[in-house]
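> Return a 3D structure for these sequence lines:
(2 chains)
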Amino acid sequence: MSAACCGGGFAIPSLITGDDKAQLTTSYSYSKIHTDVFSNGIWQRRNSTDASTVYKIEGAHIFADRYQAGFSLPIQTRNLDGAQGGSSTGLGDVSGQLGYEYLPDWNYSPWRPRGIGFISLTLPTGKSIYESTTGLDSRGRGFFALGIGTTLTKKWTSWDANANFEIHKSFDKVVSNSQNVGNIMPGFGNTISVGAGYNIGDLRLGTNLAWFNEDAIDVEGTISSKGSEQRYAAASATANYLFKDNWAGSISYTDQTVLGDPTNTTLSQSVQISIQKRWLR
Amino acid sequence: MIRTLFFITLFVFGCAKPNYQDPKASPNNNPPTPDVKPPKPPVCELFFTQKRLCVDFNWKQKNEGEQLGIIELKFYAQETPQTYVDPDLNIAVVLWMPSMGHGSTPTEVVKIKTGEYEAREVYFIMPGEWEIRIQLKKDKEVVDQVAKAITH
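Sure thing, here's the model as predicted:
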């Protein structure tokens, strides 16, 4: 999320939801695992450090009037405490998106939102927990994933609102390492988020709530196991400011420990700062 | 105004309900109620059905903080628990997290004496519910395996 043109609106970094031709975002985030939630619902506060910093470059460009293409390129550094701890840096999972503005806001309707549909492809460019032998160098989910979704945005005088719905399918993966030879079989996942913002001149203050679900990951091979569903939610607060020449900056805080009914997951708290450059049509 | 909005949305969608507990406190550790007969102890907890072998599992040293874990393994035939025997296959110990479908760092299995082994370098990459899988292997093929469930 970041400040939109003229002090309002909502933008996903790799998706243009305003009247811009292109945008490029660089962001830096620091997150630390606060709690582990087991599949039986028990929460356990993490008493060792597992922190990540992610430097990400994201871009999007309009083509053929209502179509757009975008990408996301993360570089992640993980720092772990413990007997096998240390630091590791490398590429995370790269993703690309194709979007189409199926619901344009040409007549400035007071109620109808602007709608953009998209398909996304995630590449397992980051080493995953299934290949890692230490956990330290695990920086991606490890699966090819194909997603489809929509973003709806609406701006009034001072207020704005947004909603995102996305569903994706992750594809099976063959692994062969010292521990297991076989297939890792993920399933579907989805994300739902809603947010709102209040605009004071070029400043936007906003909140966002998001829910994430992933099907269980089953394994068949020298080791076979049935996985458990993964679920968590996140609440975030964001401040955006639009500077001169269509530069925008934002700072946000996200907390996964305050919302929802998490299971089989880690819960983190994170801070992110980002700078975005936009080019008008 | 933003704060009001934030609290309204939290109220509408529901806050998290943390269930912080000591995961190591399992019901099996509680004393049995007086009017319930305790179940008969199993002949052996971990039994290799193919090779008809039992294995005793014991923590010599737990993986905590900077300390790697060591597990003692003692193999015996079900009929002669006092005599430890070597399985005629290779022994491997794999740390496995079934809920997420991944393993942990490799362990090293060392023979101490006949039928007695140690799995060293035991390290769990994250807290949670794990299985310690003790495998009997012929080359890379797993012939038989047993699993011990633990919470780390």
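> what residues does the stretch 51-200 of chain A put near chain B?
For the stretch 51-200 of chain A, the residues found near chain B under the criterion Cβ under 8 Å from any Cβ of the partner chain are A:82-84, A:129-130, A:133-135, A:178-181, A:184, A:194, A:196, A:198. For glycine as for every other residue, the C-beta is placed from the backbone atoms N, C-alpha and C.
> The helix or strand where residue A:162 lies packs against which elements?
In this structure, residue A:162 sits in strand A:159-170 according to DSSP states H and E. Using 3 or more Cβ pairs under 8 Å, 6 or more residues apart in numbering or on different chains; DSSP states H and E as the contact criterion, the secondary-structure elements in contact with strand A:159-170 are strand A:114-123, strand A:145-155, strand A:188-200, strand A:203-214.
> just how off-centre is the shortest one within its chain?
Think strand A:114-123. Relative to the mean C-alpha coordinate of its chain, strand A:114-123 is positioned 12 Å out (Cα atoms, centre = their mean, to the nearest Å).
> can you put the helices and strands packed on strand A:159-170 in CSV and add mean neighbour count?
Formatted as CSV, those follow (neighbours: other Cβ atoms under 10 Å in any protein chain shown):
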stretch, mean neighbour count
strand A:114-123, 18
strand A:145-155, 19
strand A:188-200, 18
strand A:203-214, 21
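> For those, give me a markdown table that also has mean pLDDT.
Putting the helices and strands packed on strand A:159-170 into a markdown table (pLDDT from 0 to 100) gives the following:
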| stretch | mean pLDDT |
| --- | --- |
| strand A:114-123 | 96 |
| strand A:145-155 | 96 |
| strand A:188-200 | 97 |
| strand A:203-214 | 97 |
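> returning to that earlier point: of the residues of the stretch 51-200 of chain A next to chain B, buried ones?
Among those, those scoring as buried are A:82-84, A:129-130, A:133-135, A:179-180, A:184, A:194, A:196, A:198 (criterion: 16 or more other Cβ atoms under 10 Å in any protein chain shown).
> among those, which are in strands?
A:184, A:194, A:196, A:198 (DSSP state E).
> Surely the last one and residue A:159 touch.
Yes: using Cβ atoms under 8 Å, residue A:198 is in contact with residue A:159, at 5.9 Å.
> Skipping its backbone neighbours, what lies nearest the residue of chain B found nearest chain A in space?
Of all residues in chain B, residue B:125 sits closest to chain A, at 3.1 Å by Cβ to the nearest Cβ. The spatial neighbour of residue B:125 that comes closest, neighbours along the chain excluded (Cβ to Cβ, 6 or more residues apart in numbering or on different chains), is residue A:135 at 3.1 Å.
> and if you look at residue B:149?
residue B:131 (5.5 Å).
> Report the mean confidence score over the one helix or strand the one you found maps to.
Using DSSP H and E, residue B:131 maps to strand B:129-138. Per-residue pLDDT values over strand B:129-138 give a mean of 96.
> After that strand, which helix or strand is next?
Past strand B:129-138, heading to the C-terminal end, the next element that is a helix or strand (DSSP H and E) is strand B:141-151.
> burial count for residue B:82?
5 (other Cβ atoms under 10 Å in any protein chain shown).
> what sits against the nearest residue to residue A:265 once chain neighbours are set aside?
Leaving aside its chain neighbours, residue A:265 sits nearest to residue A:232 (4.6 Å; criterion: Cβ to Cβ, 6+ apart). Under the criterion of Cβ atoms under 8 Å, 6 or more residues apart in numbering or on different chains, the contact list for residue A:232 reads A:37, A:211, A:212, A:256, A:260, A:262, A:263, A:265, A:267.
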